[in-house]
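Participant: structure here, sequence nowhere to be found:
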Ligand SMILES: Cc1cc2nc3c(=O)[nH]c(=O)nc-3n(C[C@H](O)[C@H](O)[C@H](O)COP(=O)(O)OP(=O)(O)OC[C@H]3O[C@@H](n4cnc5c(N)ncnc54)[C@H](O)[C@@H]3O)c2cc1C
């Protein structure tokens, strides 16, 4: 039996603080519950770009993290997720876990699905519950933005490939801090000597630089960005947003839904797998505010949102939130912008942000 044959692995970024964060601890609680049911332990794997404080390691151990491996290397500093995919894939060569629990953190939503795609592992995002079954696993995940749940049963016998579970934070209690250090007391540090040599990742093509269309303002230079999402309803709705942006001298941003539906171009996507923007004002029309989208607008000075749903997550992060039909608002703005451009002596009379 290999040293790495614990049935459950927890993989998480180490973080900068002296204590593990709440989300990784929730991950540990879930991993421990599964491991107990399967009659084994949890291997905790911390990914870190640089030194990890001794106090952090001791704190993890006091929560029962044993054995613990710290994988360190400058390649892990980068938001580029390939290094993480490569590291975890390499570690999977050392053992045969049944479940790879990934606690939600800044980059996990990007690397965990890629690892699963590359290794053809079953993967579930937004898990709110995972229960061990004999030779299998029952997982409940959120769908429809938390309004419904889907229950999935996995048969983990046979090839014994691990299920990758990306946990939804806030769904589990954190484990008790027993203060008793694990019996094995194994803390291993693995140094990445250089950026891992990563082969092609399934489903990800060659990177090319995409230049903005001439006459359009680039997202990263804009002082005002108008963003459109699923709530714009149709290509026509998005075209009205584009027209308004042109008249106002703003750049156009889009949620992934808008890009997936073909209303916007991939280079207009804002978010985790899109662009990071930092305008003075970002107005989000019909965008729910999924965390993958919000990770692209962290540097925005003033976030304004128009949404029919007062409980949309974007409401919680907006400086100004209007409960309104985004399609009607965009149509009215486009008409007003046209009227002002035509009626005024020149486009300079339009008030521009910046
Ligand atoms: C690994 C990964 C990476 C991802 N990367 C990104 C990324 O980079 N960027 C990104 O955006 N997403 C990304 N996503 C997808 C993300 O999780 C969401 O699915 C996406 O952001 C949702 O887009 P949306 O809010 O426009 O659409 P929806 O979720 O469909 O929400 C539409 C919103 O519009 C509102 N609405 C509906 N009709 C109207 C109306 N008439 N007027 C006003 N409001 C209305 C609804 O209330 C809702 O809030 C990623 C997902 C994964 C798993």
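Facilitator: Ah, there it is. No experiment lies behind these values; they were computed from the predicted model shown.
Participant: shaky segments in the stretch 151-300 of the chain?
Facilitator: Scanning the stretch 151-300 of the chain for pLDDT under 70 picks out 159, 179-185, 194-216.
Participant: now do the strands in it.
Facilitator: 163-167, 187-191, 224-228, 251-254, 281-285 (DSSP state E, counting those that start in this stretch).
Participant: run the chain-centre distance for the second one.
Facilitator: Here strand 187-191 is found 26 Å from its chain centre; the criterion is Cα atoms, centre = their mean, to the nearest Å.
Participant: using the three-state scheme, assign whichever residue of the stretch 51-200 of the chain sits closest to the ligand.
Facilitator: Using Cβ to the nearest ligand atom, the single residue of the stretch 51-200 of the chain nearest to the ligand is residue 109, 4.5 Å away. Quick note: C-beta positions are derived from backbone N, CA and C, even for glycine. With DSSP: H, G, I helix; E, B strand; the rest coil as the basis, residue 109 sits in helix.
Participant: what are the buried residues along stretch 54-67?
Facilitator: 56-57, 59-67 (16 or more other Cβ atoms under 10 Å).
Participant: run through who's touching the longest helix along the chain.
Facilitator: The longest helix of the chain (DSSP state H) is helix 326-343. Helix 326-343 is contacted by residues 228, 231-233, 237, 240-241, 243-244, 247-248, 285-286, 306-308, 322, 347, 349-350 when judged by Cβ atoms under 8 Å, 6 or more residues apart in numbering.
Participant: apply 6 Å and report the result again.
Facilitator: Surrounding helix 326-343, the residues in contact under the criterion Cβ atoms under 6 Å, 6 or more residues apart in numbering are 231, 233, 237, 240-241, 243-244, 247, 285-286, 306, 347, 350.
Participant: among those, name the ones in helices.
Facilitator: Using DSSP H, the contacts of helix 326-343 in helices are 237, 240-241, 243-244, 247.
Participant: most surrounded residue in the residues you listed?
Facilitator: Per-residue neighbour counts (other Cβ atoms under 10 Å) across those peak at residue 241, which has 31 neighbours.
Participant: mind putting the strands of the stretch 151-300 of the chain into a markdown table with distance to the ligand and mean neighbour count?
Facilitator: Shown next, in a markdown table, are the strands of the stretch 151-300 of the chain (distance: least, Cβ to the nearest ligand atom, whole Å; neighbours: other Cβ atoms under 10 Å):
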| stretch | distance to the ligand | mean neighbour count |
| --- | --- | --- |
| strand 163-167 | 9 | 25 |
| strand 187-191 | 26 | 14 |
| strand 224-228 | 8 | 28 |
| strand 251-254 | 7 | 28 |
| strand 281-285 | 7 | 28 |
